[in-house]
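S.K.: okay, predicted coordinates and the sequence, questions at the end:
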Amino acid sequence: MGIRTGEQYINGLRSRTPEVWLRGEKITDVVNHPVFKQPIKEIAKLFDLQHDPEYQDKITHICEETGERVNNGYLIPRNGEDLKARRQLFEIWAESTFGLMGRTPDFLNIVVTSMATNDWFFRQYGEQYGDNIINYYRYIRDNDLFLTHAIVNPQNDRSKASFEQNDEFSHLGVVKETEAGLIVRGAKMLATLAPITDEVIVYSYPGFKPGDDKYAISFALPLDTPGLRIYCREEMQDGKRSTWDHPLASRFEEMDAILVFHDVLVPWERVFINQNAEAGNLLYPKTGANLQPSHQSAVRGLCKLSFVTDVACSVADAIGVDGFLNVQNQLSELIQGVETIRALARIAEYEYTLTDQGEALPNIVPLETIRGLLPKMYPRAIEILQTIGAGGLLMSPSGADFVNPEIMEDMEKYYVGRLGVSSEKRVRLFKLAWDLCGEAFGQRLLQYERYYSGDPVRKMGMFYNVHKKNNPSYPLVERALEESLLMSEEYKTKVQNV
Ligand SMILES: Cc1cc2nc3c(=O)[nH]c(=O)nc-3n(C[C@H](O)[C@H](O)[C@H](O)COP(=O)(O)OP(=O)(O)OC[C@H]3O[C@@H](n4cnc5c(N)ncnc54)[C@H](O)[C@@H]3O)c2cc1C
């Protein structure tokens, strides 16, 4: 089949009834549910872009294996040009949602592509697991499926390993093996967009302890697999608020969910890692399953930070405060932050290396640097937006006020910005800003930047450890010590006295 249209994506959702729970209610028609309707349309637009003549060649390519047109996320990067082609996809899709939707389909396309490129890794633990990951890659590529992923255990007791938890299966694990496949039980978090995706892939961060084998699994399933429940968090938008009042929050909410598996059958052909703590721990360091999607996250994060920066500049300009030195300092901090991330993302691409499999890997150091910087830069950007918008963020009336003839005149008079900025423009701009920096929607966006790819605190620790391993000595420091010693009177005296 190759690339789908938005309508085909929506029809795919319509054809299935996963067990989605929201506010104690089982949702039977996700496509028409007010909470999911608009985000589904926003994702559908991404699929449609694949058919838009302006974008098609930038975000899709002809698959060598099938001759069909497929998404660039399925491109196995072999050189810098391929990485660039992939980046164009990330940019175009990220810009479509202003970078506010993080788990667009490209994210997991890349994870699975990288896993399949490294089938040798899975094969070490059984030939069939290598075949399974390749077949799964082909299946999602050729059917252009949209995946969610659940890789973290629920926060039950983080001081204990999975096998030490009070309940043997609070963390997802294997109950038994059958002829048909694995029977799995327990929970995984935090599957963003799960209710509106086609399939889930389960794997884990490293960190399995001896005794954890039965929890060290990786597999993929359709979301309507019997026994699989999707528990949504409380929604941040009820789907009824207007796009005038909530220009972003009403469009781009990414629902997050916990997945609970009630003795779910995972057919053997969908198993990639089977109860193997060693494989679970080595998946990240030995394959590009972690690194390759960081490229998408970097480009998407750049788009989001750029957007918030532009909103802050627009707000400052609209009320004439961008001539003040303190405001200029804050805006420059944001602009320089964007430029830093842009430069790092480009360096990662240019300094790619080839693995033994011929897979082009972007340079991990700049990508991990972005991963370290964004969780600090993004909250800072939001703080700056709040500081520049100040009280104005809290005085915005609603769209309904602007169309009521009794008060319209006041609306148009008292909410104006600097010369040339109408009341309506100013209020709508401040509402855009408020969605980002005040609404629960905006708080979730912030939490996303902190945690979307793991705990930033431990990531910084790992970054330092890897740096130390790769830089076991510091020759410049040694030279500085050596040279100054040789030049010192103390050294000369010591030599004379010996
Ligand atoms: C908006 C959002 C969307 C997400 N989307 C997805 C998704 O689509 N798929 C997915 O699989 N996951 C997703 N995640 C989950 C994400 O991977 C986790 O939130 C992240 O890995 C951090 O884990 P945690 O939330 O369990 O925090 P924890 O690991 O429980 O950490 C909680 C706190 O305790 C500290 N801490 C915990 N353990 C240790 C330790 N051993 N040493 C030192 N400090 C420790 C941490 O520093 C942190 O401050 C998402 C998260 C968010 C917020």
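M.R.: Alright, I've got the coordinates.

S.K.: what's next to the one helix or strand I110 maps to, contact-wise?
M.R.: Using DSSP states H and E, I110 maps to helix 105-117. For helix 105-117, the surrounding residues in contact (Cβ atoms under 8 Å, 6 or more residues apart in numbering) are 43, 46-47, 71-76, 86, 89-90, 93, 121-122, 133-134, 136-138, 140-141, 145-149, 201, 272, 287-289, 291-293, 295-297, 357, 359. All C-beta atoms are positioned from the backbone trio N, CA, C, and that covers glycine.

S.K.: what about that helix and the ligand, any contact?
M.R.: No: using Cβ under 6 Å from any ligand atom, helix 105-117 never reaches the ligand; the gap is at least 8.3 Å.

S.K.: contacting residues for the residue in the stretch 251-400 of the chain positioned nearest to the ligand?
M.R.: Using Cβ to the nearest ligand atom, the closest approach of the stretch 251-400 of the chain to the ligand is made by D256 at 5.3 Å. Neighbouring residues of D256 by Cβ under 8 Å, 6+ apart: L190, A191, T192, A194, C232, R233, R444.

S.K.: any idea which helix or strand comes after whichever strand or helix holds E339?
M.R.: For E339, the host element (DSSP H and E) is helix 325-350. Counting by DSSP H and E, the next helix or strand C-terminal to helix 325-350 is strand 353-354.

S.K.: can you pull the phi/psi pair for I258?
M.R.: phi -100, psi 140 (degrees, to the nearest 10).

S.K.: isn't it up against A191?
M.R.: Yes: I258 is within contact range of A191, at 7.4 Å (criterion: Cβ atoms under 8 Å).

S.K.: anything in contact with each of those two?
M.R.: What both I258 and A191 touch, as defined by Cβ under 8 Å, 6+ apart, is the set I230.

S.K.: neighbour count: the two, which is higher?
M.R.: A side-by-side neighbour count of I258 and A191, using other Cβ atoms under 10 Å, places A191 first with 27 against 19.

S.K.: pull up the residues of this protein that are close to the ligand.
M.R.: Counting by Cβ under 6 Å from any ligand atom, the chain sits next to the ligand at 103, 149-152, 155, 158, 190-192, 256, 444, 447-448, 451-452, 454-455, 457-458.

S.K.: filter those down to the ones in helices?
M.R.: Among those, the members falling in helices are R444, Q447, Y448, Y451, V457, R458 (criterion: DSSP state H).

S.K.: those, buried ones only, as a ChimeraX selection?
M.R.: Only the buried entries of those go into this ChimeraX selection, using 16 or more other Cβ atoms under 10 Å:
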select :444,448
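
S.K.: contact partners for G207?
M.R.: N281 are the contacts of G207 under Cβ under 8 Å, 6+ apart.

S.K.: against N465, how distant is it?
M.R.: 14 Å (Cβ to Cβ, to the nearest Å).

S.K.: tell me the SS of V466?
M.R.: On the three-state scheme (DSSP: H, G, I helix; E, B strand; the rest coil), V466 is labelled helix.

S.K.: what's the burial count for it?
M.R.: V466 - counted by other Cβ under 10 Å - has 14 other residues nearby.

S.K.: that one and T369, how far apart?
M.R.: Counting by Cβ to Cβ - V466 and T369 are separated by 12 Å.

S.K.: can I have the helix or strand that the helix holding I110 is followed by written out in PDB, keeping just the CAs?
M.R.: Scanning forward in sequence from helix 105-117 by DSSP H and E, the next helix or strand is helix 119-123. Taking Å, rounded to 0.1, in the frame of the first residue of the first chain, the C-alpha atoms of helix 119-123 are listed here in PDB:
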ATOM      1  CA  ASP A 119      18.400  -7.300  13.400                       C
ATOM      2  CA  TRP A 120      21.700  -8.900  14.300                       C
ATOM      3  CA  PHE A 121      21.100  -7.700  17.900                       C
ATOM      4  CA  PHE A 122      17.800  -9.500  18.200                       C
ATOM      5  CA  ARG A 123      19.100 -12.600  16.300                       C
END
